[in-house]
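> pasting the structure only:
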Ligand SMILES: CC(=O)SCCNC(=O)CCNC(=O)[C@H](O)C(C)(C)COP(=O)(O)OP(=O)(O)OC[C@H]1O[C@@H](n2cnc3c(N)ncnc32)[C@H](O)[C@@H]1OP(=O)(O)O
Ligand SMILES: O=C([O-])CC(=O)C(=O)O
């Protein structure tokens with residue numbers, strides 16, 4: 001008897017596994033919409049809080065809804081003492097993504113409604129994570145700099161408060177705006193690896209904290225969210241704009257993946273890059289510092305060389321990585337900032353998965369040894 005060889009979809013490339021009403025990526029036109037709205041228009045004209053509301057509730061908030069959303073979010077920002085003490089005890093040798101993963105896992109252990117799968121409970125947990133994650137990220141960056149945490153300020157917006165908790169002050173509005181644009185662009189991207197991870201965990205009817213903890217693990221990798229940090233390490237390694245092309249030739253000859261380039265879904269450029277690049281250019285233009293000018297020149301030179309040699313375009317991590325550096329964040333803080341944003345998309349997907357759940361469990365084509373006897377067993 002012959003059995004037909006099944007089609008293998010390694011990496012699930014091109015496989016449509018479910019429907020979603022949250023966002024759509026249209027690779028043919030390089031476009032991305034959240035609940036139908038073009039992400040570029042949202043990023044240019046709306047706040048991150050408004051976009052979070054849109055992703056969770058399906059509509060942009062009116063003025064009263066936004067006031068209520070902001071009040072509830074800002075009230076949830078402080079960490080309790082136990083969490084602060086626990087996180088302060090984690091080794092500084094671990095990556096800040098490990099701290100964040102541990103924090104979410106601990107929030108789950110502390111939450112008395114952990115097993116309440118209602119929509120209201122899910123929304124409350126999602127808001128709690130949105131509010132508390134920046135407090136964790138900022139405290140961890142300060143700890144690594146030998147500084148005490150700065151408590152959240154409920155009078156400040158999400159982005160402004162994060163800057164204040166990190167650095168003790170809020171930068172110029174153009175800098176905050178650039179950061180907010182990055183948060184909006186990072187918020188949601190359909191069935192990417194970390195979101196799909198969250199959906200897989202949710203599909204077993206596990207809890208929201210477990211799904212988010214797993215998603216953080218998936219985002220950490222350099223082929224996914226970890227690339228925004230890897231971009232900065234790469235720029236530091238190349239160092240000189242004049243060396244960009246030569247470095248690239250050597251890296252490609254060595255079969256290295258060039259961080260911040262390429263995308264599973266977009267073949268002709270990431271829809272979010274032009275807006276983020278413009279925001280980055282504005283940020284770089286704010287200073288005459290020679291180090292910034294050099295980094296910006298190197299960033300452009302590497303992008304141009306990659307396009308000439310491979311016709312592979314930058315993804316969002318390429319401009320976002322350098323933008324976060326210019327804003328003053330430490331490189332290991334970049335991917336945790338991505339988490340602070342993508343938590344909105346993850347939790348929207350967790351809710352959607354639960355609303356029409358099917359256990360996610362694909363098949364594999366076996367290619368190991370044929371059936372054989374365990375030594376010493378049988379005749
Ligand atoms: C927010 C995000 O998560 S966006 C993604 C962030 N990740 C990165 O920037 C890491 C670098 N990029 C990559 O590794 C890839 O482009 C991915 C993982 C993002 C997408 O990968 P896939 O869809 O699986 O495509 P795959 O890796 O098979 O690439 C297809 C071809 O383009 C090449 N390619 C794609 N991206 C790159 C890159 N960044 N550097 C060098 N070559 C690349 C591959 O080597 C491959 O060439 P081949 O057919 O000659 O073997
Ligand atoms: O969609 C993907 O594969 C990666 C991702 O999360 C993004 O680009 O924002």
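Ah, there it is. From a predicted model like this one, the values you see are computed outputs, not experimental measurements. Ligands and ions are numbered 1, 2, ... in the order given.
> all contacts plus neighbour counts: C-alpha atoms, from now on.
Will do.
> Could you tell me which ranges of the stretch 101-250 of the chain sit under the pLDDT cut-off?
114-115 (pLDDT under 70).
> Show me what from it comes close to ligand 1.
Counting by C-alpha under 6 Å from any ligand atom, the positions of the stretch 101-250 of the chain adjacent to ligand 1 are 222, 223, 224, 225, 227.
> and the residue in the chain that ligand 2 sits nearest to, how many neighbours does it have?
Relative to ligand 2, the nearest point of the chain is residue 192 (4.1 Å; C-alpha to the nearest ligand atom). When counting by other C-alpha atoms under 10 Å, one arrives at 15 neighbours for residue 192.
> just to revisit the earlier point, would you convert the residues of the stretch 101-250 of the chain next to ligand 1 into TSV that also reports distance to residue 184?
Output for those, formatted as TSV (distance: C-alpha to C-alpha, whole Å):
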residue	distance to residue 184
222	21
223	21
224	17
225	15
227	18
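> what's around residue 202, how many residues?
Number of residues near residue 202 (other C-alpha under 10 Å) recorded here: 26.
> Wait, it touches residue 208, no?
Yes. With contact defined as C-alpha atoms under 8 Å, residue 202 counts as touching residue 208 (7.0 Å).
> Give me the common contacts of these two.
Counting by C-alpha atoms under 8 Å, 6 or more residues apart in numbering, the shared contacts of residue 202 and residue 208 are residue 350.
> Read off the pLDDT value for residue 267.
Here the pLDDT value assigned to residue 267 is 81.
> next one: residue 3
Looking at residue 3, its pLDDT stands at 65.
> swap in the one 10 residues further on?
Listed pLDDT for residue 13 reads 94.
> Now the nearest residue to it once chain neighbours are set aside, what are its backbone angles?
With C-alpha to C-alpha, 6 or more residues apart in numbering as the criterion, residue 13 has its nearest non-adjacent residue at 7.7 Å, and that residue is residue 264. With angles defined as degrees, to the nearest 10, residue 264 sits at phi -60, psi -40.
> quick revisit: from the residues of the stretch 101-250 of the chain next to ligand 1, list the ones also adjacent to ligand 2.
Within these, those near ligand 2 by C-alpha under 6 Å from any ligand atom are residue 224.
> Put the buried members of the residues of the stretch 101-250 of the chain next to ligand 1 into a PyMOL selection.
This is the PyMOL syntax for the buried subset of those, where burial follows 16 or more other C-alpha atoms under 10 Å:
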select buried, resi 222+223+224+225+227
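> a markdown table for the residues of the stretch 101-250 of the chain next to ligand 1, including secondary structure and distance to residue 143?
Putting those into a markdown table (DSSP: H, G, I helix; E, B strand; the rest coil; distance: C-alpha to C-alpha, whole Å) gives the following:
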| residue | secondary structure | distance to residue 143 |
| --- | --- | --- |
| 222 | coil | 24 |
| 223 | coil | 28 |
| 224 | coil | 26 |
| 225 | coil | 23 |
| 227 | helix | 24 |
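> tell me which residues of the helix ranked longest in the chain are tucked away?
Secondary structure of the chain per DSSP state H: the longest helix is helix 119-144. By neighbour count with 16+ other C-alpha under 10 Å, helix 119-144 contains the buried residues 122-123, 125-142.
> what about it, distance to the chain center?
Helix 119-144 sits 14 Å away from the centroid of its parent chain (C-alpha atoms, centre = their mean, to the nearest Å).
> for the helix or strand following that helix, packing partners?
Remark: after helix 119-144, the chain's next helix or strand is helix 158-167, criterion DSSP states H and E. Where contact means 3 or more C-alpha pairs under 8 Å, 6 or more residues apart in numbering; DSSP states H and E, helix 158-167 is packed against helix 119-144, helix 173-186.
> again, 6 Å this time
For helix 158-167, not one helix or strand is in contact under the criterion 3 or more C-alpha pairs under 6 Å, 6 or more residues apart in numbering; DSSP states H and E.
> Okay, angle between it and helix 119-144 too, please.
Calculated by axes from the mean of the first three to the mean of the last three C-alpha atoms, to 10 degrees, helix 158-167 forms an angle of 30 degrees with helix 119-144.
> Would you map the strands across the stretch 251-379 of the chain?
Per DSSP state E, counting those that start in this stretch, the stretch 251-379 of the chain carries no strands over any range.
> of all the residues in it, which ones are close to ligand 1?
With C-alpha under 6 Å from any ligand atom as the criterion, the stretch 251-379 of the chain meets ligand 1 at residues 257, 258, 259, 260, 261, 262, 263, 264, 315, 317.
> could those go into TSV alongside neighbour count, distance to residue 88 and pLDDT?
Shown next, in TSV, are these (neighbours: other C-alpha atoms under 10 Å; distance: C-alpha to C-alpha, whole Å; pLDDT from 0 to 100):
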residue	neighbour count	distance to residue 88	pLDDT
257	12	35	97
258	19	34	98
259	23	31	98
260	28	31	98
261	21	35	98
262	20	37	97
263	17	36	96
264	10	37	95
315	22	34	98
317	29	29	98
